[in-house]
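> Sequence and predicted model, in that order:
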Amino acid sequence: MKKQMKIATAEIKFSEEFEGFFESQKNAIELHENIRLNGVLVPPVIDSDNILVDGYERVRESIKNGVESIWVFQIERPATMDDRLNLNLQRSKTEKDVIKEFEFKIQQIKKMQGRKKDGVRSTYAQQISEVLGGRWKDEETINKIIEVNQNDFDNKILTKSILSGISTPNAAHQFITNTKKIAEEKKCGIVSLVKNGKLSPLEANKILVDFVKLESDTQGTFIIPEKGFSYNIDCTTIDMLAKYEKQVDLIFTSPPYWALKTYDGDKRNQAGKEETKHEFLERLAKMVLAWIITLKDSASVMINIGETYKDGVAQGIPYLLIEYIQRITGLVFFDMLIWSKKNCRSNGNNEDIRPRNNVEYILWFVVDITKVKYKKLTYKFADSKPTLMRGFGGFDRNGYEVKKKIKALSGYHSIRKHISEQEVENIIKCGTGVNHLQFQLPKTEHPAVMSALLPICPILMTTEEGDMVFDPFSGTNVVGYISQLLNRKTLTTELSSIYFNEGCNNLQKGVDDYDVEGLKLVNDIAFRDSDQELETAA
């Protein structure tokens, strides 16, 4: 029973449980104006303790309008949540409302389990089916929906997907009981995409099946859907992955240099250990040939290479490599970029083979000179001052041994500073030839970690956001980290399982560190004098 009565608004009590159950659907400004002009046309409902059961927005806006008393309906007993639900049967509910109501009724049914309804004993599944509007009737499906709800994310995205028809109970249940666990173990990035609503449970399940199948066909696989794709394979076998044919916009990589360093793996067949420079150059050019299948017609290939000295005599490696790559691959030599590597003696004072200057070379090739896209950077800052930092590869810039652990810098702060420090347009200056974005060295130290800031300018010059950057010799995945900060897709291959695992961690960190506003600042600095989009050379 309920009666109509007039009550002072100050005497009405608000219930946190009732108030938070349904979201407001009426525009507060519109409601405020209606009450000011017409008063409260539909009386709110209170219980015997003056606790408001229905009409929270109406009462609140009445108080804001200075209304001191209003007509209400009063239930002559303490109200329950069922009263709150029954008063809103005709109300159009939001997805959040439906989920809250569903969860509340499940709890009520559990408490009432075993009792008869209208003289007929209903099963648990039958009662839950009624709550769900009779859409699912069999006990197995009902139990799956409940299990999904109980193990859902905080935002209840899986329950929402079932109740809204986006996902089937079976797909959501498979995700929560199988896909989620495997995806988290393999760190393949699927879980966060489902949680954020970017993947449906069904899509996530299919991706994981493909992921596991691909992993069984390769030595190792790490995939972050729509972001990064890393493979623990020989880079010359990339043609086995047909889905990357003509998908790459830029290859940026630093292959092993000739006769300088030894990497983890089979030393007998290791690139850079050939007896003669011509054997090395031919092998490296044939490796490049194996990658061409991945390139778009508008793509660029950038090979970072350094000089090698024999008995103090420069061997002309960068210049000879241009000749070999053009002859063997058919790629067109486009330009040579020079970069300043301040810490060029990261492995000590080996002056018999190490260069005496501070530069290395990026050989820039293109597939089609008439279609290649690039954009000139216009980043000069007159007041910028480069800052040298402590060396990374176990030695400082003077060749003296230092501690190997180094603190990471903020990604966008480092990128912005790097771009701001460029003083001329034909040389890329890195404050130091080390990787500051590593938290610490791996247990088995990589002998030639790429300068963390080196890929920035080449990626900005030759790709747009969303384009794919491929690093065949990815190592600890510096290119992957930077390409993610710049909102590009990443494709990488690495033969060493040790470096591959470290690289996967850095790729994931790049995805995690990506920030829209940070990238806007970078683009503003890099292209501040140019309003043109990325264009073709022609």
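Arrived safely. Numbers count the residues shown, from 1 in each chain.

> helices and strands of the chain: which one bottoms out on pLDDT?
strand 116-117 (a mean of 51; mean pLDDT, DSSP states H and E).

> Export only the CA atoms of stretch 149-165, formatted as CSV.
Taking C-alpha atoms only, stretch 149-165 is exported to CSV below (Å, rounded to 0.1, in the frame of the first residue of the first chain):
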residue,chain,number,x,y,z
ASN,A,149,29.8,-12.1,-15.0
GLN,A,150,31.6,-13.3,-11.9
ASN,A,151,35.0,-13.2,-13.6
ASP,A,152,34.4,-10.1,-15.7
PHE,A,153,36.6,-7.0,-15.9
ASP,A,154,35.7,-4.2,-13.5
ASN,A,155,33.9,-2.4,-16.4
LYS,A,156,31.8,-5.5,-17.0
ILE,A,157,32.6,-5.3,-20.7
LEU,A,158,32.0,-9.1,-21.2
THR,A,159,28.6,-9.1,-19.5
LYS,A,160,27.6,-6.1,-21.4
SER,A,161,28.6,-7.7,-24.7
ILE,A,162,26.4,-10.7,-23.9
LEU,A,163,23.4,-8.8,-22.8
SER,A,164,23.6,-6.4,-25.8
GLY,A,165,24.0,-9.2,-28.3
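
> Show me what counts as buried in it.
The neighbour-count check on stretch 149-165 (16 or more other CB atoms under 10 Å) flags N149, D152, F153, K156, I157, L158, T159, K160, S161, I162, L163 as buried. For glycine as for every other residue, the C-beta is placed from the backbone atoms N, C-alpha and C.

> Please apply the same query to stretch 50-65.
51-62, 65.

> K181: which of those is nearest?
Y56 (41.0 Å; CB to CB).

> Domain-wise, how is this protein divided?
2-91, 96-211, 218-532 (automatic domain parsing).

> All the strands of the stretch 201-350 of the chain, in order from the start?
221-224, 228-231, 248-253, 295-305, 309-310, 313-314, 332-341 (DSSP state E, counting those that start in this stretch).

> okay, those strands in TSV with distance to A125 next?
Converted to TSV, the strands of the stretch 201-350 of the chain look like this (distance: least, CB to CB, whole Å):
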stretch	distance to A125
strand 221-224	38
strand 228-231	43
strand 248-253	52
strand 295-305	55
strand 309-310	79
strand 313-314	80
strand 332-341	68
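
> Adding mean pLDDT and distance to K371, write the ones you listed out as a markdown table.
As requested, the strands of the stretch 201-350 of the chain are exported to a markdown table (pLDDT from 0 to 100; distance: least, CB to CB, whole Å):
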| stretch | mean pLDDT | distance to K371 |
| --- | --- | --- |
| strand 221-224 | 83 | 29 |
| strand 228-231 | 92 | 24 |
| strand 248-253 | 97 | 12 |
| strand 295-305 | 96 | 5 |
| strand 309-310 | 82 | 38 |
| strand 313-314 | 84 | 35 |
| strand 332-341 | 86 | 11 |
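
> Just send the ones you listed back as JSON lines, with distance to I362 and mean neighbour count too.
Formatted as JSON lines, those follow (distance: least, CB to CB, whole Å; neighbours: other CB atoms under 10 Å):
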{"stretch": "strand 221-224", "distance to I362": "26", "mean neighbour count": "24"}
{"stretch": "strand 228-231", "distance to I362": "23", "mean neighbour count": "26"}
{"stretch": "strand 248-253", "distance to I362": "8", "mean neighbour count": "25"}
{"stretch": "strand 295-305", "distance to I362": "5", "mean neighbour count": "22"}
{"stretch": "strand 309-310", "distance to I362": "20", "mean neighbour count": "15"}
{"stretch": "strand 313-314", "distance to I362": "18", "mean neighbour count": "11"}
{"stretch": "strand 332-341", "distance to I362": "4", "mean neighbour count": "17"}
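
> Many thanks, I have nothing further to ask.
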